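[1] make a model of this:
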Amino acid sequence: MAKSKKRKQKERNFRLFYLLILLLITALSLSVSSYAWFTTNRLARVDLLNVNVRAQGGIEVSTDGINFKGAINVNDIESARDTYPTSLNQIPKTLEPVSTIGSVSNGLMNIFYGKVENNLNGDYILSSQRNIEKEGFDENSDGKFISFDLFFKTSENTRLYLTPESDITYAGSYSVGIENAMRVAFVYEGNTFTGNSSANIQSMITNNSNDVYIWEPNYNKHTQSAIANAKNTYGITINEDSSFVPYDGVKNEISANLNIKASNAKASNYPSLFEKVNIAYYTKTDFTENVEIFSLNKGITKIRVYMWIEGQDVDCENDASVGNISLNLQFSKNPN
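    Numbering: from 1, shown residues only. Modelled structure (predicted):
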């Protein structure tokens, strides 16, 4: 009888030990799992955001198509509404991950705000909704990304270049890598002659996705957390100073009821929801040569600028979800 009790106790202890081992394995598995997007409802803070735009070589820039000068900043973008009543300039206090393939409708990019949440099975499920910009700044904006209009004036046909002074940097003492997940897009809305009415200048829009040019800065830099994310989520091996990593952007709204796992969010699995993104130009951190964007015709050209955290980028992961970002753009008509 005593032996039987000891045997049962030993079996009970073994089952408890086995259960503890399973729990430990599960905990370890959870601790090393990493996904694109942010899975903890964190925000990338941009409290110290600087937006500076400069033009060189005889090109002038404006935020309303009326008042042109050599450089503009956030204050100019915010005050554009005074002379540009239909403007949709949006510079929110915080950014959240979104995704796009660079398509455009009525002059605005189709951008999708994504969420990754656990379902009942513990899977990370991706859902998305289109997010359309609204005029607003700082705390008065609930936008998820940055967007604003620029107008360029030139007296001759010329090519427009992005200079090495252009960058997206971490504006703090210690980088968490959020700058490596950033994107900038330039939407060529149209061109008209100098002297046209301000209403005609400001109302130029495009519906052609070929007029969208996406720039990926800092493409070669990745943190250790991003390297692990690329491996665990996408099966991609990269290092701290890596080559360009292609990715699939979101091109339609995604219902949570579809139960699409974040790790399966790719065009090969769901071609109606995702598509490989065409990056027009990508630059290394501290690039040294001018990058041609597109050509400017004589007169006034309207360009819409977007800046966002790309949720489908391997660098968009939880450890990078808090930071301060600075955007600098410098344009020139000179190739060097």
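[2] quick one, strands of the stretch 1-150 of the chain?
    For the stretch 1-150 of the chain, the strands defined by DSSP state E, counting those that start in this stretch cover 44-45, 51-55, 60-62, 71-72, 90-92, 94-95, 98-99, 104-105, 108-109, 112-118, 124-130, 136-138, 146-154.
[3] gap between the following helix or strand past the last one and the chain center?
    So the one you mean is strand 146-154. Moving toward the C-terminus from strand 146-154, the next helix or strand (DSSP states H and E) is strand 158-162. Offset of strand 158-162 from its chain centre (CA atoms, centre = their mean, to the nearest Å): 23 Å.
[4] specify the angle between strand 158-162 and strand 51-55 in degrees.
    150 degrees (axes from the mean of the first three to the mean of the last three CA atoms, to 10 degrees).
[5] deepest of the strands of the stretch 1-150 of the chain, which one?
    Across the strands of the stretch 1-150 of the chain, averaging neighbours per residue (mean count of other CB atoms under 10 Å) puts strand 98-99 on top, at a mean of 28. In short, each C-beta sits where N, CA and C put it, glycine included.
[6] which residues are contacting that strand?
    111-114, 128, 131, 144-145, 249-250, 308-312 (CB atoms under 8 Å, 6 or more residues apart in numbering).
[7] let's go with 6 Å and repeat that
    Contact partners of strand 98-99, identified using CB atoms under 6 Å, 6 or more residues apart in numbering, comprise 111, 112, 113, 114, 144, 145, 249, 250, 308, 311, 312.
[8] about what we covered before: turn the strands of the stretch 1-150 of the chain into CSV, columns for mean pLDDT and distance to residue 211.
    Output for the strands of the stretch 1-150 of the chain, formatted as CSV (pLDDT from 0 to 100; distance: least, CB to CB, whole Å):
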stretch, mean pLDDT, distance to residue 211
strand 44-45, 48, 28
strand 51-55, 82, 19
strand 60-62, 94, 19
strand 71-72, 90, 22
strand 90-92, 90, 20
strand 94-95, 86, 24
strand 98-99, 96, 20
strand 104-105, 96, 7
strand 108-109, 98, 10
strand 112-118, 90, 20
strand 124-130, 93, 19
strand 136-138, 82, 25
strand 146-154, 96, 14
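[9] and those as JSON lines, adding distance to residue 301?
    Output for the strands of the stretch 1-150 of the chain, formatted as JSON lines (distance: least, CB to CB, whole Å):
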{"stretch": "strand 44-45", "distance to residue 301": "31"}
{"stretch": "strand 51-55", "distance to residue 301": "12"}
{"stretch": "strand 60-62", "distance to residue 301": "10"}
{"stretch": "strand 71-72", "distance to residue 301": "15"}
{"stretch": "strand 90-92", "distance to residue 301": "21"}
{"stretch": "strand 94-95", "distance to residue 301": "27"}
{"stretch": "strand 98-99", "distance to residue 301": "26"}
{"stretch": "strand 104-105", "distance to residue 301": "16"}
{"stretch": "strand 108-109", "distance to residue 301": "18"}
{"stretch": "strand 112-118", "distance to residue 301": "28"}
{"stretch": "strand 124-130", "distance to residue 301": "27"}
{"stretch": "strand 136-138", "distance to residue 301": "25"}
{"stretch": "strand 146-154", "distance to residue 301": "5"}
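[10] closest one to residue 276 among the ones you listed?
    Between residue 276 and the strands of the stretch 1-150 of the chain, the tightest spacing by CB to CB is seen for strand 98-99, at 12.4 Å.
[11] quick one: that closest one to chain centroid distance?
    The answer for strand 98-99 is 6 Å, by CA atoms, centre = their mean.
[12] could you report the neighbour count for residue 133?
    21 (other CB atoms under 10 Å).
[13] the strands of the stretch 1-150 of the chain: which one's closest to residue 216?
    strand 98-99 (13.2 Å).
[14] about what we covered before: and the strands of the stretch 1-150 of the chain: which comes nearest residue 177?
    With CB to CB, the closest approach to residue 177 among these belongs to strand 44-45: 10.5 Å.
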